[in-house]
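1. sequence plus predicted model, see below.
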Amino acid sequence: MLSADGGAVGFNGVALGRSQVYGAVAEAVCVQSTRHRCPSTWCDCGFYCFHDADQARALACDEQYDRSVLLEILASGRYVSYELGLRYQRQTVRSVRIGRCRCGRTSAALDDVGGGIVGWRRLEPVCRECAGRRAVLSLETFGALSGVPVRVDHGTGHAPMAPLAPLDEADRADLEPHESAVPDLSPDAEIPLLTAEVTLLQARLDELQRRLGRLTDRP
Ligand SMILES: [Zn+2]
Ligand SMILES: [Zn+2]
């Protein structure tokens, strides 16, 4: 998240935490009740982490989470264990890893995508091509404002998906229309077609010659 005045950045939770923006060092806040300490065993509040980054990447396959970034954190204070990690009181963000742009290309910056909350604009990873000439927040600026390094997450496992190789000349020739692509016609059928085409070309040539004549002032 980027503050409305552009002077600060923060992070925003994905579920209950969507109403909160927190900094690189933060205490968990319970949005259900202020009468217990966070995390409480009979509430679901607190920051959540996975012990294993691949569990976080697996969660990000769900469309509810696929626009989120991966935070490497140091958990401290009170905590409760759950099946895959910890629910805890205090965290320090150590690094931010961003995924791909919506278009699938490697991200290069952070873009204001709308859907912010009062005082904060929501940012999402964006690639150079999609960013075009629009104003975006560089990863370096986000890093400087948050005090936390930002880098592109390439995962640790297999990466079987890759861009297609560019078309070579032979493939391109196959795609271009050429004479054999036109169905063979009998001479009787072909004569009116060719005559019509010549007439069109002649009219186009006349028009071009008229325009050229006007420009060069010669008939
Ligand atoms: Zn709570
Ligand atoms: Zn893109």
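-> Looks like it came in fine. If you're wondering where the values come from, they're calculated on a predicted model, not measured in any experiment. Ligands and ions are numbered 1, 2, ... in the order given.

2. just say helix, strand or coil for Thr199.
-> Counting by DSSP: H, G, I helix; E, B strand; the rest coil, the backbone at Thr199 sits in helix.

3. burial count for it?
-> Neighbourhood size, Thr199 [other Cβ atoms under 10 Å]: 10. The C-beta positions use only the backbone N, C-alpha and C, and glycine is treated the same way.

4. quick one: the helices in this protein?
-> Ranges of helices within the chain are 53-59, 128-131, 139-146, 169-175, 187-216, based on DSSP state H.

5. ok, residues contacting the third one?
-> Contacts made with helix 139-146 from outside it, assessed by Cβ atoms under 8 Å, 6 or more residues apart in numbering, are listed as 7-10, 23-24, 93, 96, 98, 108-110, 123, 149-151.

6. which bits of the chain sit near ligand 1?
-> Cys30, Gln32, Ser40, Cys43, Cys45 (Cβ under 5 Å from the ion).

7. got a markdown table for those, with pLDDT too?
-> As requested, the residues of the chain next to ligand 1 are exported to a markdown table (pLDDT from 0 to 100):
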| residue | pLDDT |
| --- | --- |
| Cys30 | 90 |
| Gln32 | 87 |
| Ser40 | 92 |
| Cys43 | 92 |
| Cys45 | 91 |
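
8. most neighbours among the residues you listed, please name it.
-> Of all those, Cys45 has the most neighbours under the rule other Cβ under 10 Å, reaching 20 neighbours.

9. that older thread, farthest pair in the contacts of helix 139-146?
-> Gly23 and Ala108 (24.3 Å; Cβ to Cβ).
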